[in-house]
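Novice: no sequence on this one, just coordinates:
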């Protein structure tokens, strides 16, 4: 009856794991270090080829602040979720997140029609998660993104990444 | 070859996509707030069908703007002056037409059309406008046609060849009726809203497949307009196919006539050779020319089309369809050049016909 939700005298406390944090590139150029020159050239000229009429936005625009927290737009520009320092300050520190799982929805090749380019994007986003997010911030864990209609590549990518990422995330 | 003398009518020229700041003056307070608070004003309304940076999408030598040059100066220097163009029918392929919210799409289309009138047509008398309409909502489209139609500088209403519905379907007839009533041509431009896969059997992987497939989409559109009875219902409606190519026409017309003979009792309103109706009512723009560079073969294809009235001059600016100022393919007979450049366009758009006569449409 009326017991406090958090027992502040306990010697242990619950860890808080956020299972759905969305990182995003400031722009596609963030992925270029993880792509070969041939595919950087493709990205810059041919660009994406997807299954919807608008190539760079949703055909159903979201509501307030494009469906993002209005205070999550970084001061230095770029979309919400593109600035690690802001994510640390605003979310990881503020909410006391001990483990944060990255769900990288953007540009991972999941909607790309060109199979080879989709593979390149998937691989690049997975590299980028490690280098730009998980290495600098040990609380974060990467989530492997794969083009789901390309099971042969997807399984290969999952196997390679599962071996490469230490289970502790450290 | 270059356009040999002044006076050409360029029937397909594209103006740059306006940003939201340029459209804002033409958007009401409610929608301005929606666009601002939903961050829609920051979005890039590019259509998948027109990727901006492909080698085809923009010519290398047209990428740079000279110092102190306005967008209109640039258009004059690159697109109008080199060909001695007297009239150019311009369009803005804005992604508004790709939105699912018909009200939002209609508001943006209106703003694009106002931007066309105020920021382009008011400043360059050679330009004529295209009314961008939301074909997925005929009610909105008709309202926009009626709103813009009193401005006689607009000569056509523009839709994409692959939208929600096959051109010709009865749901779209209010749009055709409004066009006919107001003396506007129905412009059907290459491209897809990707509401469906762009082929009859699924999604291709590469742009090249989507590009080549445009001619199939135009064939489907023309056959549907005929079969659905659009040309019977709207006897004064003119259809202009933009960026359609035209060398596929002979085989389409032969096949159409043959199959019609076999099953014409199904479409009894088609009471004469479909090829005759197409030759009277459908027009196609020149660029991109989908013919071999050999003039002899081009002339053979034109002989098979067997109608000198159908092709309308176009540059498809700023898409990279020709080098330098060589906007005409080699091998065209002199009298046909004149028809393509001047006579055919002047006879195809009801409002240009009216202009020539000095009367109102």
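Specialist: Right, received. Where do you want to start? Just so we're clear, the structure is a prediction, and the values are computed from it rather than from any experiment.

Novice: who's in contact with the closest residue to residue A:96 other than its chain neighbours?
Specialist: Closest residue to residue A:96 apart from its sequence neighbours, by C-beta to C-beta, 6 or more residues apart in numbering or on different chains: residue A:16 at 5.5 Å. Bear in mind the C-beta positions are built from the backbone N, C-alpha and C, glycine included. Contact analysis of residue A:16 by C-beta atoms under 8 Å, 6 or more residues apart in numbering or on different chains lists A:95-99.

Novice: what's the closest of the residues you listed to chain B?
Specialist: residue A:95 (23.8 Å; C-beta to the nearest C-beta).

Novice: contacting residues around that closest one?
Specialist: If a contact means C-beta under 8 Å, 6+ apart, then residue A:95 has A:16, A:18 as its contacts.

Novice: Quick check: it vs residue B:42, distance?
Specialist: Relative to residue B:42, residue A:95 is positioned 27 Å away (C-beta to C-beta, to the nearest Å).

Novice: what's the answer for residue B:76, then?
Specialist: Note on residue B:76: its distance to residue B:42, by C-beta to C-beta, is 31 Å.

Novice: now residue A:111
Specialist: For residue A:111 relative to residue B:42 (C-beta to C-beta), the value is 21 Å.

Novice: Please say which of the two ends up with more neighbours.
Specialist: Legend: neighbour count by other C-beta atoms under 10 Å in any protein chain shown for residue A:111 and residue B:42, higher for residue A:111 (17 against 14).

Novice: can you tell me the helix or strand for that one?
Specialist: Using DSSP states H and E, residue A:111 falls within no helix or strand.

Novice: Which residue, neighbours along the chain excluded, lies closest to it?
Specialist: Looking at residue A:111 with C-beta to C-beta, 6+ apart, the closest residue is residue A:50, at 4.7 Å.

Novice: Give me the three-state assignment for residue A:79.
Specialist: Using DSSP: H, G, I helix; E, B strand; the rest coil, the secondary structure recorded for residue A:79 is coil.

Novice: Please report the distance of the closest residue to it other than its chain neighbours from residue B:38.
Specialist: Among residues not flanking residue A:79 along the chain, residue A:24 sits closest, at 5.2 Å (C-beta to C-beta, 6+ apart). Going from residue A:24 to residue B:38 by C-beta to C-beta gives 18 Å.

Novice: Next, work out how far apart the residue nearest the centre of chain A and chain B are.
Specialist: In chain A, the centroid-proximal residue (C-alpha atoms, centre = their mean) is residue A:104; its distance is 2.6 Å. Per C-beta to the nearest C-beta, to the nearest Å, residue A:104 is found 20 Å from chain B.

Novice: pretty sure that residue contacts residue A:140?
Specialist: No. With contact defined as C-beta atoms under 8 Å, residue A:104 and residue A:140 do not form a contacting pair (11.0 Å).

Novice: SS state for residue 18?
Specialist: Using chain A. Applying three-state DSSP: residue A:18 is strand.

Novice: State the pLDDT value of it.
Specialist: The model reports residue A:18 with a pLDDT of 97.

Novice: likewise residue A:65?
Specialist: Per the predicted model, pLDDT is 85 at residue A:65.

Novice: That one reaches residue A:73, doesn't it?
Specialist: Yes. If you go by C-beta under 8 Å, residue A:65 and residue A:73 touch, sitting 7.4 Å apart.

Novice: now the strands for chain A?
Specialist: For chain A, the strands defined by DSSP state E occupy A:17-21, A:99-102, A:140-141.

Novice: Now tabulate those in a markdown table and tack on mean neighbour count and distance to chain B.
Specialist: Formatted as a markdown table, the strands of chain A follow (neighbours: other C-beta atoms under 10 Å in any protein chain shown; distance: least, C-beta to the nearest C-beta, whole Å):
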| stretch | mean neighbour count | distance to chain B |
| --- | --- | --- |
| strand A:17-21 | 14 | 20 |
| strand A:99-102 | 20 | 23 |
| strand A:140-141 | 22 | 26 |
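
Novice: So which residues on chain A come close to chain B?
Specialist: Counting by C-beta under 8 Å from any C-beta of the partner chain, the residues of chain A close to chain B are A:44-47, A:49-57, A:59-66, A:68, A:113-115.

Novice: ok, back up a step: phi first, then psi, for the residue nearest to the centre of chain A.
Specialist: Main-chain torsions, residue A:104, degrees, to the nearest 10: phi -90, psi 90.
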